[in-house]
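Visitor: A predicted structure for the sequence below; I have some questions about it.
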Amino acid sequence: MSAKTLLPLALFLGSTSAHTIFQKVYVNGVDQGELVGIRAPDYDGPITDVTSNDLICNGGINPYHQPVSKAVITAPAGSTLTAEWHHTLNQVAGDSQDPIDASHKGPVITYLAKVPDATQSTVTGLQWFKIQEDGFNPSTGKWAVDTLIANKGKVSFTIPQCIASGQYLLRHEIIALHGASSYPGAQFYMECAQLQITGGTGAKTPATVSFPGAYHGTDPGIKLSIYYPPVTNYTIPGPPLFKC
């Protein structure tokens, strides 16, 4: 085995516990509070089975932190939301793996699903549409996770103006690809936030997908080697990005 092969393998083995949790939302820059309106587990580990219901909002293999927040975050349509990730719920000063280890390269993706009640416990059978995605930039060689780390765990995106007002679940996700050369190997990190979207025009009805179902283990954005040969372009998994 060459030294070039050993380097990424060492990175992978040395960072298998370098996980992460989405645990805070900002609305137009206003901090909504730690775990307010977010279903977050105590454990920071990933989901690896794309056929599992745990891929929806987590909370199965990694049970939700108790008590689960009953808050619903108000977010005007057209507003900027910022999600903040950290390595663990109990952050430790000087943690070199906060917000996530640099080896966990991959995309960041965000979905919405309209629901009768954003605090409902049932998340199976929901219909999701993608409102944000960031993958690999071939001109810089940077992944979305690299940008997230540079921004101290923060990712910002816009709530579409043209969707209907009402209650939604927001599914925010990182896919770490450092071990994705075989399936299961990609690591899926996701939590769901509870939103009340106001002021939407309802001018468009998004096409939707289901979780599980939207991803497959053979998808080129889920099963791939990001080391050798070097990635030159990357296909983000899931449906097309919804736009107003």
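Guide: It's in.
Visitor: skip the chain neighbours and tell me the closest residue to the residue nearest to the spatial centre of the chain.
Guide: Nearest residue to the geometric centre of the chain (C-alpha atoms, centre = their mean): residue 173, 0.8 Å. Using C-beta to C-beta, 6 or more residues apart in numbering and skipping residues adjacent in sequence, the residue nearest residue 173 is residue 190, 4.0 Å away. Using the backbone N, CA and C atoms, a C-beta is placed for each residue, glycine as well.
Visitor: looking at it, the one you found is touching residue 60, isn't it?
Guide: No: counting by C-beta atoms under 8 Å, residue 190 does not reach residue 60; the two are 11.8 Å apart.
Visitor: how much space between residue 152 and residue 49?
Guide: From residue 152 across to residue 49, the span is 30 Å (C-beta to C-beta, to the nearest Å).
Visitor: can you check residue 38 too?
Guide: Distance of residue 38 to residue 49, given as C-beta to C-beta: 23 Å.
Visitor: what do you get for residue 107?
Guide: 18 Å.
Visitor: just checking: what are the partner strands of the host helix or strand of the residue nearest to the centre of the chain?
Guide: Secondary structure from DSSP states H and E places residue 173 in strand 164-176. Take DSSP bridges as the rule and strand 164-176 pairs in its sheet with strand 108-114 (antiparallel), strand 187-201 (antiparallel).
Visitor: just for this structure, where's the confidence low?
Guide: For the chain, the stretches with pLDDT under 70 are 1-18.
Visitor: now do the buried residues in stretch 40-60.
Guide: Using 16 or more other C-beta atoms under 10 Å as the test for burial, stretch 40-60 gives 40-41, 44-48, 50, 54-59.
Visitor: what's the farthest-apart pair in the residues you listed?
Guide: Using C-beta to C-beta, the buried residues of stretch 40-60 span at most 21.0 Å, a distance reached by 40 and 50.
Visitor: next, count neighbours for residue 71.
Guide: By the criterion of other C-beta atoms under 10 Å, residue 71 has 17 neighbours.
Visitor: these two touch, right, it and residue 195?
Guide: No: under the criterion of C-beta under 8 Å, residue 71 is not in contact with residue 195, lying 10.3 Å apart.
Visitor: mutual contacts of those two, please.
Guide: Between them, residue 71 and residue 195 share these contacting residues under C-beta atoms under 8 Å, 6 or more residues apart in numbering: residue 37.
Visitor: having no further points to raise, I will conclude here.
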